[in-house]
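> turn this into a model:
(chains A and B)
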There are 2 protein chains.
Amino acid sequence: MQAEIITIGDEILIGQIIDTNSAWIAQQLNAIGIRVKQISSVADYPADILVALTLASGRADLILVTGGLGPTQDDVTKQTLSAYFDCGLRRAPEVLAHVEAIFQRGNRPMLEMNRKQADVLEKSEVLFNEMGTAPGMWILHKGKPYVIMPGVPFEMKHIMQERVLPRLRNLEGRVPVWHHTLLTAGIGESFLAEKIADIEAALPPHIHLAYLPKPGLVRLRLTAIGEDLEKLKQETQTIAARLEERIGNYFLADRDTTLEQLIRDFMQERELLLATAESCTGGNIARLITSLPGSSSMFEGGAVTYSNAMKQALLGVNPETLEQHGAVSEETVREMAVGAKTNFRTDYAIAVSGIAGPEGGTPEKPVGLVWIAVAGKDQVVARKHLFGQDRAINIERSSAAALWMLWQLLQAESDSNQAG
Amino acid sequence: MQAEIITIGDEILIGQIIDTNSAWIAQQLNAIGIRVKQISSVADYPADILVALTLASGRADLILVTGGLGPTQDDVTKQTLSAYFDCGLRRAPEVLAHVEAIFQRGNRPMLEMNRKQADVLEKSEVLFNEMGTAPGMWILHKGKPYVIMPGVPFEMKHIMQERVLPRLRNLEGRVPVWHHTLLTAGIGESFLAEKIADIEAALPPHIHLAYLPKPGLVRLRLTAIGEDLEKLKQETQTIAARLEERIGNYFLADRDTTLEQLIRDFMQERELLLATAESCTGGNIARLITSLPGSSSMFEGGAVTYSNAMKQALLGVNPETLEQHGAVSEETVREMAVGAKTNFRTDYAIAVSGIAGPEGGTPEKPVGLVWIAVAGKDQVVARKHLFGQDRAINIERSSAAALWMLWQLLQAESDSNQAG
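Numbering: from 1, shown residues only, chains lettered A, B, ... in the order given. Prediction:
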């Protein structure tokens, strides 16, 4: 079974928002054996929406549409769908009651515009939306299911999880797809490919290998398509084991995860505490860690020390060090790491100081220069990086490099403790 | 002139990555009067790529393709393009020299796979890529330009800015499009629509109004299409002025910006300093502010105090307050804000403490409960919020609410200072 996702909204086509819904929907569909053949984004114009629906119905067995169901008049989706499915609208009483209740709770008067949110396609079943005023709809048209959902991400996710995925799991014709992802670090894409070339060349035709590089990491994804899901799992498991053995030291994890998740799990298990001391990354490392549920068990907290005064006050960096070597230097970043570890009473601390840009560079210390230090149980390691000109990329790469240094030190000190 | 963007890659269709390239490309094209008619994402399968190219060439005057130009063998794009454009590949000497230089600098041996990166379509002009090994290509085919670029965002952006946009600016047939965006806050989408209904109803047919809600904000975007760019600018300016007057207190800015940018500019101009004290937002507010160039002029730094010990040590929160009222309480968050302002010697400080979830809720203090305080020159304001169950959304909404409270206090204290 193949699906197509259509996202509707001028805001996508002028680049005012990034479409995150499609990726999330695609993940959910893949997990239950529905392949996404295409994602199409079109504007809030009836003709474009109609063409997209018609082409999608020719390519796919299931069509999912998001966006364009808001109360304001830029949303032409419902009228267009009414034309496409050749049916009128009906006001759904259960939705109207829900919308009215939301307005009563908020103590706000209700407008006719809001009542219209309860209008659904006559032919459709309502996909009730507890999280908002725009309901989803499920329509069977010429033998194919269409799923219509609002574009607000958390409303769409709620409707998918509670109403759509349970229905899709009951559909026939899903061809099992299995993904098995390996995480590697410290080796470039080409070298990794060279290292595993013979394993890749020997893959059976129904199993496909993809390389997905990210800052500091390369993910290897095996995709297997076939009739028997259990067999696909076994086959990819066997290949993954062979790859893991070959990749050796560069192998990081046997699943699709992130460095911060690996660190959280590793530290949680060993009851180790972490602190951060960030200058140019400005809180991004703390954010990456605290975005994970359960991070409070291993993350004590951190300091974002943009000014020298803060570096001294919170981290105990010596004013002479700052004077002699500057804020972006090995000496300062080492003192930041040790200061964070000591003052915040943790087992490990990450410190980053650099020039993210676009301003602030000098010939000796150009934009993109970043010093990173990690203080561990027995040692402090520091490394210099020279990234590029783009502020956002410098912050992202500095964060990835800092987490990778922490991971390596965690491994090294864990190994040495076991040895000793 | 209408364009279509095609992004190629299995990783998009299984939802492993979010396509951010399309939004960025769409922004750039819109800014020079090229409308994007559709964005299509297809897998690394030759047949799907060929169909997407064929359909796009029927819909659009300009086709931009990203992705699938990496060195490893999952990248079938070049072979497929070779078939579509009916021409072979040639090895571009200037690209080969560049790739060789990159490998020499990195002191890495070069593989045949890497040399192949220098292969380009015979018919194409090379779009040189200083930032990576995969060159872009520009091909005129049946009268329409095709732009082929690698999918790595910073490489694609570099090629677009340096090579593609200058060429596109010289193309004929661009119909001027002008966007004028207004930012509002503190009012819901429906009420805003009701408030400005008559202005919206009176818009001429070539000017369109869209509502774009975000956490805590609604953007209003006027889109004008016509022959005379200067006239479009004037027309939207006149309508924007009328909207601004009508929107009154809910009006925030006369351009597409963010709350953190408004805060940075406002504080920078008045030489005011800010500090943050974050618990449940885990550094996200600091990150939002420091993601902006020049934020170091108004952001002193912050503390991410996940533990009670850190709240006491860095922010001087009274242990008795924590004991009596708990970490998520008005009393604690007020002490956090005052502590940050005092200890970090700033004019303003934001403090947030809440239960982001999914764990940690109790009947009295459920997941989603967040206390926010802002300490200003003369006063400290605190507010309670009850968000939802989703950790990521709670962090996002808490951050937006905190920035909005800071903005309001900045305005209030600025007004009262002017008055006094």
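
> ok, the closest residue to A:Ile247 other than its chain neighbours - how many residues close by?
Of all residues not flanking A:Ile247 in the chain, A:Thr184 sits nearest, at 5.6 Å (Cβ to Cβ, 6 or more residues apart in numbering or on different chains). Every residue, glycine included, has its C-beta placed from N, CA and C. Neighbourhood size, A:Thr184 [other Cβ atoms under 10 Å in any protein chain shown]: 24.

> buried sites along the one helix or strand A:Glu396 maps to?
If you go by DSSP states H and E, A:Glu396 is part of helix A:391-419. Under the neighbour-count criterion of 16 or more other Cβ atoms under 10 Å in any protein chain shown, helix A:391-419 has A:391, A:393-407, A:409-410, A:413 buried.

> then stretch A:46-56?
The neighbour-count check on stretch A:46-56 (16+ other Cβ under 10 Å) flags A:48-49, A:51-53, A:55-56 as buried.

> what does stretch A:373-383 give?
Quick answer for stretch A:373-383 (16+ other Cβ under 10 Å): A:373-376, A:380-382.

> before we move on, what about stretch A:200-209?
Within stretch A:200-209, the residues that count as buried by 16+ other Cβ under 10 Å are A:200, A:207-209.

> domain ranges for chain A, per the record?
Per automatic domain parsing, the structural domains of chain A span A:2-169, A:177-253, A:259-419.

> hey, which of the ones you listed is tucked in deepest?
Among the domains of chain A, ranked by average contacts under mean count of other Cβ atoms under 10 Å in any protein chain shown, first place goes to domain A:259-419 (a mean of 21).

> on that earlier part again, chain center to the helix holding A:Glu396, what's the gap?
Taking the mean of its C-alpha atoms, helix A:391-419 sits 20 Å from the chain's own mean (Cα atoms, centre = their mean, to the nearest Å).

> and what of stretch A:370-380?
Relative to its parent chain, stretch A:370-380 has a centroid offset of 28 Å by Cα atoms, centre = their mean.

> all strands for the stretch 251-400 of chain A, in order.
Secondary structure of the stretch 251-400 of chain A (DSSP state E, counting those that start in this stretch): strands at A:251-253, A:274-278, A:299-305, A:348-354, A:369-375, A:380-386.

> equivalent analysis for the stretch 101-250 of chain A, please.
Under DSSP E, counting those that start in this stretch, the stretch 101-250 of chain A gives strands at A:119-121, A:125-127, A:136-141, A:144-149, A:177-185, A:207-214, A:217-225.

> and A:Trp24, which of these is closest to it?
In terms of Cβ to Cβ, the element of those nearest to A:Trp24 is strand A:144-149, at 11.4 Å.

> quick one: that closest one to chain centroid distance?
Relative to its parent chain, strand A:144-149 has a centroid offset of 25 Å by Cα atoms, centre = their mean.

> relative to A:Lys195, how far out is the residue of chain A most remote from its centre?
Distance from the C-alpha centroid of chain A peaks at A:Glu320, with 41.9 Å (Cα atoms, centre = their mean). As judged by Cβ to Cβ, to the nearest Å, A:Glu320 and A:Lys195 stand 48 Å apart.

> do A:Thr72 as well
Applying Cβ to Cβ to A:Thr72 and A:Lys195 gives a distance of 55 Å.

> need the contact partners of stretch A:95-103.
For stretch A:95-103, contacts defined as Cβ atoms under 8 Å, 6 or more residues apart in numbering or on different chains pick out A:109-110, A:114-115, A:117-118, A:120, A:126, A:128-130, A:133, A:135.

> typo on my end, stretch A:181-200
For stretch A:181-200, using Cβ under 8 Å, 6+ apart, the contacting residues are A:209, A:211, A:213, A:216-222, A:239-240, A:242-244, A:246-247, A:249-257, A:259, A:404, A:407, B:16, B:70-73, B:108, B:111, B:113-114.

> who in the stretch 101-250 of chain A is up against chain B?
A:108, A:111, A:113-114, A:131, A:152, A:154, A:179, A:181, A:188-191, A:193-194, A:200, A:208-213, A:219, A:221, A:223 (Cβ under 8 Å from any Cβ of the partner chain).

> output stretch A:212-219 as CSV, restricted to C-alpha atoms.
Taking C-alpha atoms only, stretch A:212-219 is exported to CSV below (Å, rounded to 0.1, in the frame of the first residue of the first chain):
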residue,chain,number,x,y,z
LEU,A,212,22.4,9.9,6.1
PRO,A,213,25.1,12.3,7.3
LYS,A,214,24.4,14.8,10.1
PRO,A,215,26.9,17.1,11.9
GLY,A,216,29.4,14.7,13.4
LEU,A,217,27.5,11.5,12.6
VAL,A,218,26.5,9.3,9.7
ARG,A,219,23.4,7.2,10.0
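
> hey, what's the closest residue to A:Leu64 other than its chain neighbours bridged with?
Computed as Cβ to Cβ, 6+ apart, the closest residue to A:Leu64 that is not its neighbour in sequence is A:Val147, at 4.6 Å. For A:Val147, the beta-bridge partners are A:Leu64, A:Trp138 (DSSP bridges).

> quick one: contacts for A:Val147?
The neighbours of A:Val147, taking Cβ under 8 Å, 6+ apart as the test, are A:62-65, A:127, A:136-138, A:164.

> a markdown table for these, including pLDDT?
Formatted as a markdown table, the contacts of A:Val147 follow (pLDDT from 0 to 100):
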| residue | pLDDT |
| --- | --- |
| A:Leu62 | 96 |
| A:Ile63 | 98 |
| A:Leu64 | 98 |
| A:Val65 | 97 |
| A:Leu127 | 97 |
| A:Gly136 | 95 |
| A:Met137 | 97 |
| A:Trp138 | 97 |
| A:Val164 | 97 |
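
> so which of the residues you listed is the closest to B:Gly354?
A:Gly136 (29.7 Å).

> and that closest one, how far is that from B:Glu331?
43 Å.

> and A:Thr281, by the same measure?
From A:Thr281 across to B:Glu331, the span is 32 Å (Cβ to Cβ).
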